[in-house]
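Q: Sequence below, structure please.
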Amino acid sequence: MAKTEPLFSILQGPALAPLARRAADAPLEATGCLTEYRPLVSRSILNRVTSRRGLPFSHAINPYRGCEFGCRYCYARYTHEFLELRNPEDFERKIYFKENAAWLLQQELARLKPGTEIALGTATDPYQPLERKRRITRSLLEVFARSGGFRLGIVTKSTLIERDLDLLKEIAARHTLTVHVTVTTMNTRLARILEPRAPRPDLRMATVAKLRQEGVRAGAMCSPLMPGITDTRASIEAVARAAAGAQANFLFAGALFLKPCSRPTFLRFVREHFPAQAEDYERRYATSAFVSSAYKQRVGALVDSICREYKLGRRYAEERSEGEARERDTSLVETQPWLPFGKP
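A: From the prediction side, this is the model:
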């Protein structure tokens, strides 16, 4: 048999990993403003989460790879590295949607025990703009609406989740459902430069109100708390006041988690818009992606006092005993609670 290996294969660079190869071979499906959309053949939609940090879920679902919202602090840019895409901007410019997601979920749910905790939207927003057309997240919710007995958490910045209220109410009747709407700041100007393509903060809080009016358990995630930018009492209190007005079940706050892949994008944002804070951030995150224990304790006490003032509960207060809630959620301030460790 003739030898078919290229004579000069050494010049072609290292072979791509299977996942990166599937991404490289994905055809261009459509384009937006500086954005490409491609289908991605997936072998699984439900990923086991492996972490030593006691995350409040054991499985994660991400219908998309990459996120068009372009949040400057986004920790999940690293996930494109599994596709051999190492330019941080590729994460918001090259979006992949997972094919056959609903079929995969239906097969995989059948193997899970009742009570399994599942998080939807841990690395990318399940309601980012492409969802309006592809409706992959909705197809997953349709699967959950036909099953029962799981603990499901959804996290989003998008008002598009209101489209699926019919399914969310059905899911809430069959499962334990909690929706987290991220509202980093109520300052519209700051939100526009920090999260350039996400809905306005007031619109997100209106979504919390609508979810609550329909009987869906929902609250606000005041995350991430960024030192010297959004961690002041005035900033957190503004979010808490709006959350209380929306009848939110809870307010949660998570400290900024700055992975190496996110540092260039975020520090460029700081130098441009908050130059006086640049040196502090360089020093604070020089050797660790996490904030210090002292910072967590100080800001945690601040958030706790604000939540008491506005009568906002904890994420798990209504669905777990107080002892279990404290064991799994020992502070209102965690370092990136929704971070999935592994390949989303």
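
Q: Now the element after the helix or strand residue 192 falls within, going C-ward?
A: Using DSSP states H and E, residue 192 sits within helix 188-194. Counting by DSSP H and E, the next helix or strand C-terminal to helix 188-194 is helix 201-213.

Q: Not counting that next one itself, show me its contacts.
A: Here helix 201-213 makes contact (Cβ atoms under 8 Å, 6 or more residues apart in numbering) with 157-159, 161-162, 165, 168, 179, 181-188, 191, 198, 218-220, 239, 242-243, 245-249. Just so you know, the C-beta spots here come from the backbone N, C-alpha and C atoms, and that holds for glycine as well.

Q: Generate a ChimeraX selection restricted to the buried entries among the residues you listed.
A: Typed into ChimeraX, the line below selects the buried ones among the contacts of helix 201-213, using 16 or more other Cβ atoms under 10 Å:
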select :157,158,159,161,165,168,179,181,182,183,184,185,186,187,191,198,218,219,220,239,242,243,246,248,249
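
Q: Narrow the contacts of helix 201-213 to those in helices?
A: 165, 168, 188, 191, 239, 242-243, 245 (DSSP state H).

Q: pLDDT added to those, as TSV?
A: Converted to TSV, the ones in helices among the contacts of helix 201-213 look like this (pLDDT from 0 to 100):
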residue	pLDDT
165	98
168	98
188	98
191	98
239	98
242	98
243	98
245	98
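
Q: among these, which two are most distant?
A: Greatest spacing in the ones in helices among the contacts of helix 201-213, by Cβ to Cβ: 168 and 188 (26.7 Å).

Q: how far away is residue 158 from residue 129?
A: Separation of residue 158 from residue 129 (Cβ to Cβ, to the nearest Å): 8 Å.

Q: distance of the residue nearest in space to the middle of the chain from residue 86?
A: For the chain, residue 122 is the residue whose C-alpha lies nearest the centre (Cα atoms, centre = their mean; 4.0 Å). Noted for residue 122: a distance of 21 Å to residue 86, by Cβ to Cβ.

Q: Need the CA coordinates for stretch 190-199. PDB is fine.
A: C-alpha atoms of stretch 190-199 as PDB (Å, rounded to 0.1, in the frame of the first residue of the first chain):
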ATOM      1  CA  LEU A 190     -19.900  51.400  34.000                       C
ATOM      2  CA  ALA A 191     -21.800  48.300  32.900                       C
ATOM      3  CA  ARG A 192     -21.600  49.400  29.300                       C
ATOM      4  CA  ILE A 193     -17.800  49.500  29.300                       C
ATOM      5  CA  LEU A 194     -17.400  46.500  31.600                       C
ATOM      6  CA  GLU A 195     -20.000  44.200  29.900                       C
ATOM      7  CA  PRO A 196     -20.300  45.900  26.500                       C
ATOM      8  CA  ARG A 197     -22.800  43.600  24.800                       C
ATOM      9  CA  ALA A 198     -24.900  42.500  27.800                       C
ATOM     10  CA  PRO A 199     -28.400  44.000  28.600                       C
END
